[in-house]
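Chemist: Here's my sequence, what's the structure:
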Amino acid sequence: MAEQQTRPPRTDWQRNHQRLLQVASALVARDGTRVSLEKIAREAEVGSATLHRHFPSRRALLQEVFQDIVERLRRRAGELADGDPRTCLDTWLEELTVCAAETRGLGAWLAAEADGDPSDGECCHVVMREATAALVDRARSAGAVRPGISPQDLLTLTEAVSLVTEDDPTTARRLLRLALDGVRP
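Modeler: Residues are numbered from 1 along each chain as shown. Modelled structure (predicted):
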(Lines give C-alpha, C1' and ligand atoms only; values in the text may rest on other atoms or scores of the structure.)
Protein backbone atom coordinates (compact mmCIF):
# COMPACT_ATOMS: atom_id res chain seq x y z
CA MET A 1 0.00 0.00 0.00
CA ALA A 2 1.49 3.36 -1.06
CA GLU A 3 2.02 6.07 1.53
CA GLN A 4 -0.59 8.77 1.08
CA GLN A 5 0.78 12.29 0.79
CA THR A 6 -1.00 15.07 2.57
CA ARG A 7 -1.89 17.98 0.42
CA PRO A 8 -2.04 21.48 1.80
CA PRO A 9 -5.57 22.78 2.34
CA ARG A 10 -7.20 24.36 -0.66
CA THR A 11 -7.06 28.13 -0.95
CA ASP A 12 -10.80 28.53 -0.40
CA TRP A 13 -10.58 26.32 2.72
CA GLN A 14 -7.75 28.47 4.11
CA ARG A 15 -9.62 31.67 3.28
CA ASN A 16 -12.81 30.42 4.97
CA HIS A 17 -10.85 29.26 8.01
CA GLN A 18 -9.12 32.62 8.44
CA ARG A 19 -12.37 34.51 7.89
CA LEU A 20 -14.16 32.36 10.48
CA LEU A 21 -11.36 32.97 12.99
CA GLN A 22 -11.36 36.72 12.38
CA VAL A 23 -15.11 37.00 12.78
CA ALA A 24 -15.17 34.66 15.79
CA SER A 25 -12.38 36.63 17.49
CA ALA A 26 -14.22 39.91 17.00
CA LEU A 27 -17.58 38.52 18.16
CA VAL A 28 -16.11 36.71 21.16
CA ALA A 29 -14.32 39.93 22.13
CA ARG A 30 -17.61 41.81 21.92
CA ASP A 31 -20.17 39.21 23.09
CA GLY A 32 -18.18 36.62 25.04
CA THR A 33 -17.72 32.89 24.58
CA ARG A 34 -21.44 32.10 24.35
CA VAL A 35 -21.79 33.98 21.05
CA SER A 36 -24.01 32.18 18.56
CA LEU A 37 -22.13 29.92 16.16
CA GLU A 38 -24.75 30.66 13.53
CA LYS A 39 -24.05 34.38 13.95
CA ILE A 40 -20.34 33.72 13.40
CA ALA A 41 -21.06 31.75 10.22
CA ARG A 42 -23.48 34.40 8.95
CA GLU A 43 -21.06 37.28 9.56
CA ALA A 44 -18.20 35.28 7.99
CA GLU A 45 -20.49 34.80 4.98
CA VAL A 46 -20.29 31.02 5.09
CA GLY A 47 -22.87 28.38 5.85
CA SER A 48 -23.26 26.76 9.24
CA ALA A 49 -22.05 23.45 7.78
CA THR A 50 -18.82 25.13 6.66
CA LEU A 51 -18.23 26.45 10.15
CA HIS A 52 -18.77 22.95 11.60
CA ARG A 53 -16.39 21.38 9.06
CA HIS A 54 -13.67 23.76 10.23
CA PHE A 55 -14.60 23.65 13.92
CA PRO A 56 -16.53 20.54 14.97
CA SER A 57 -17.39 22.09 18.35
CA ARG A 58 -17.58 25.43 20.13
CA ARG A 59 -14.60 24.25 22.20
CA ALA A 60 -12.49 23.71 19.06
CA LEU A 61 -13.36 27.18 17.78
CA LEU A 62 -12.64 28.93 21.07
CA GLN A 63 -9.43 26.97 21.52
CA GLU A 64 -8.17 28.38 18.24
CA VAL A 65 -9.51 31.89 18.94
CA PHE A 66 -7.53 32.04 22.21
CA GLN A 67 -4.51 30.06 20.99
CA ASP A 68 -2.43 33.05 19.83
CA ILE A 69 -3.05 34.94 23.06
CA VAL A 70 -2.11 31.92 25.15
CA GLU A 71 1.02 31.28 23.10
CA ARG A 72 2.09 34.91 23.57
CA LEU A 73 1.55 34.54 27.32
CA ARG A 74 3.54 31.29 27.38
CA ARG A 75 6.49 33.02 25.69
CA ARG A 76 6.22 35.89 28.15
CA ALA A 77 6.42 33.49 31.11
CA GLY A 78 9.61 32.07 29.60
CA GLU A 79 11.07 35.56 29.26
CA LEU A 80 10.34 36.26 32.92
CA ALA A 81 11.92 33.03 34.16
CA ASP A 82 15.42 34.49 34.57
CA GLY A 83 14.73 37.53 36.74
CA ASP A 84 14.08 38.02 40.44
CA PRO A 85 11.61 35.21 41.35
CA ARG A 86 9.18 37.41 43.30
CA THR A 87 9.14 40.20 40.71
CA CYS A 88 8.80 37.69 37.88
CA LEU A 89 5.85 35.92 39.51
CA ASP A 90 4.11 39.21 40.35
CA THR A 91 4.68 40.52 36.81
CA TRP A 92 3.41 37.26 35.29
CA LEU A 93 0.25 37.19 37.40
CA GLU A 94 -0.45 40.85 36.67
CA GLU A 95 0.04 40.47 32.92
CA LEU A 96 -2.10 37.32 32.86
CA THR A 97 -4.87 38.99 34.86
CA VAL A 98 -4.85 42.18 32.78
CA CYS A 99 -4.82 40.20 29.52
CA ALA A 100 -7.79 38.12 30.68
CA ALA A 101 -9.63 41.26 31.83
CA GLU A 102 -8.99 42.96 28.48
CA THR A 103 -9.81 39.88 26.38
CA ARG A 104 -13.51 39.32 26.87
CA GLY A 105 -14.25 35.67 27.48
CA LEU A 106 -10.66 34.55 28.14
CA GLY A 107 -11.02 34.46 31.93
CA ALA A 108 -14.26 32.48 31.69
CA TRP A 109 -12.67 30.16 29.12
CA LEU A 110 -9.66 29.44 31.34
CA ALA A 111 -11.92 28.86 34.34
CA ALA A 112 -14.17 26.50 32.37
CA GLU A 113 -11.18 24.61 30.99
CA ALA A 114 -9.86 24.12 34.53
CA ASP A 115 -12.90 21.89 35.10
CA GLY A 116 -12.35 20.01 31.82
CA ASP A 117 -10.16 17.07 30.81
CA PRO A 118 -6.70 17.61 32.34
CA SER A 119 -5.17 15.12 29.90
CA ASP A 120 -5.58 17.60 27.05
CA GLY A 121 -2.07 19.04 27.27
CA GLU A 122 -2.70 21.65 24.60
CA CYS A 123 -5.69 23.30 26.23
CA CYS A 124 -5.20 26.93 27.21
CA HIS A 125 -5.57 26.26 30.93
CA VAL A 126 -2.91 23.54 30.95
CA VAL A 127 -0.49 25.85 29.13
CA MET A 128 -1.13 28.63 31.66
CA ARG A 129 -0.85 26.20 34.60
CA GLU A 130 2.54 24.93 33.38
CA ALA A 131 3.86 28.46 32.86
CA THR A 132 2.59 29.51 36.28
CA ALA A 133 3.98 26.39 37.99
CA ALA A 134 7.51 27.11 36.76
CA LEU A 135 7.39 30.66 38.12
CA VAL A 136 5.77 29.60 41.41
CA ASP A 137 8.41 26.91 41.93
CA ARG A 138 11.18 29.48 41.51
CA ALA A 139 9.43 31.94 43.82
CA ARG A 140 8.81 29.23 46.42
CA SER A 141 12.49 28.18 46.33
CA ALA A 142 13.48 31.81 46.93
CA GLY A 143 11.02 32.16 49.81
CA ALA A 144 8.97 34.72 47.88
CA VAL A 145 5.60 32.99 48.40
CA ARG A 146 4.09 31.35 51.44
CA PRO A 147 4.36 27.58 51.70
CA GLY A 148 1.18 25.85 50.58
CA ILE A 149 0.40 28.33 47.79
CA SER A 150 -0.12 26.31 44.62
CA PRO A 151 0.01 27.37 40.99
CA GLN A 152 -3.68 26.45 40.76
CA ASP A 153 -4.47 28.74 43.71
CA LEU A 154 -2.86 31.64 41.88
CA LEU A 155 -4.57 30.80 38.57
CA THR A 156 -7.92 30.63 40.34
CA LEU A 157 -7.17 34.02 41.88
CA THR A 158 -6.23 35.60 38.55
CA GLU A 159 -9.27 34.06 36.84
CA ALA A 160 -11.61 35.36 39.55
CA VAL A 161 -10.16 38.87 39.41
CA SER A 162 -10.30 38.95 35.62
CA LEU A 163 -13.90 37.70 35.57
CA VAL A 164 -15.17 40.42 37.88
CA THR A 165 -13.13 43.14 36.18
CA GLU A 166 -13.73 42.25 32.54
CA ASP A 167 -13.09 45.33 30.39
CA ASP A 168 -11.51 47.13 33.38
CA PRO A 169 -7.77 46.32 33.49
CA THR A 170 -7.01 49.15 35.94
CA THR A 171 -9.28 47.63 38.58
CA ALA A 172 -7.98 44.15 37.74
CA ARG A 173 -4.42 45.29 38.40
CA ARG A 174 -5.37 46.98 41.70
CA LEU A 175 -7.36 43.99 43.01
CA LEU A 176 -4.61 41.55 42.08
CA ARG A 177 -2.01 43.62 43.93
CA LEU A 178 -4.21 43.57 47.03
CA ALA A 179 -4.61 39.80 46.79
CA LEU A 180 -0.90 39.19 46.21
CA ASP A 181 -0.13 40.83 49.56
CA GLY A 182 -1.76 37.77 51.11
CA VAL A 183 0.42 35.41 49.07
CA ARG A 184 3.72 36.76 50.32
CA PRO A 185 5.35 35.34 53.42
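
Chemist: helices or strands next to whichever strand or helix holds residue 27 in the packing?
Modeler: For residue 27, the host element (DSSP states H and E) is helix 11-31. Packing contacts for helix 11-31, counted by 3 or more CB pairs under 8 Å, 6 or more residues apart in numbering; DSSP states H and E, involve helix 37-43, helix 48-54, helix 58-80. From N, CA and C alone the C-beta is placed, and that goes for glycine too.

Chemist: okay, these in CSV with mean neighbour count next?
Modeler: Below are these laid out as CSV (neighbours: other CB atoms under 10 Å):
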stretch, mean neighbour count
helix 37-43, 17
helix 48-54, 16
helix 58-80, 17
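
Chemist: Same list, the ones you listed, but as a markdown table with distance to residue 89 and mean pLDDT please.
Modeler: A markdown table is the format used below for the helices and strands packed on helix 11-31 (distance: least, CB to CB, whole Å; pLDDT from 0 to 100):
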| stretch | distance to residue 89 | mean pLDDT |
| --- | --- | --- |
| helix 37-43 | 37 | 96 |
| helix 48-54 | 38 | 94 |
| helix 58-80 | 8 | 90 |
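
Chemist: who wins for proximity to residue 12 among those?
Modeler: Closest to residue 12 of these, according to CB to CB: helix 48-54, at 9.9 Å.

Chemist: that older thread, mind listing what's buried in the helix holding residue 27?
Modeler: For helix 11-31, burial by neighbour count (16 or more other CB atoms under 10 Å) applies to 16, 17, 19, 20, 21, 23, 24, 25, 27, 28, 29.

Chemist: Can you give me the pLDDT of residue 95?
Modeler: For residue 95, the pLDDT comes out at 94.

Chemist: What residue spans form the domains of the chain?
Modeler: If you go by automatic domain parsing, the domain ranges for the chain are 10-56, 62-181.

Chemist: can you tell me which of those the model trusts least?
Modeler: domain 62-181 - the lowest mean pLDDT of these, at a mean of 88.

Chemist: next one: that domain to chain centre, how far?
Modeler: The chain centre lies 9 Å from the centre of domain 62-181; the measure is CA atoms, centre = their mean, to the nearest Å.

Chemist: Any idea how far apart the tips of it sit?
Modeler: 33 Å (CA to CA, to the nearest Å).

Chemist: Same question for stretch 76-88.
Modeler: Stretch 76-88: ends 10 Å apart by CA to CA.

Chemist: re earlier: now the helices and strands packed on helix 11-31 as a markdown table including distance to residue 104?
Modeler: Putting the helices and strands packed on helix 11-31 into a markdown table (distance: least, CB to CB, whole Å) gives the following:
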| stretch | distance to residue 104 |
| --- | --- |
| helix 37-43 | 15 |
| helix 48-54 | 20 |
| helix 58-80 | 11 |
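
Chemist: Going by neighbour count, list what's buried in stretch 156-164.
Modeler: 157, 158, 159, 160, 161, 162, 163.
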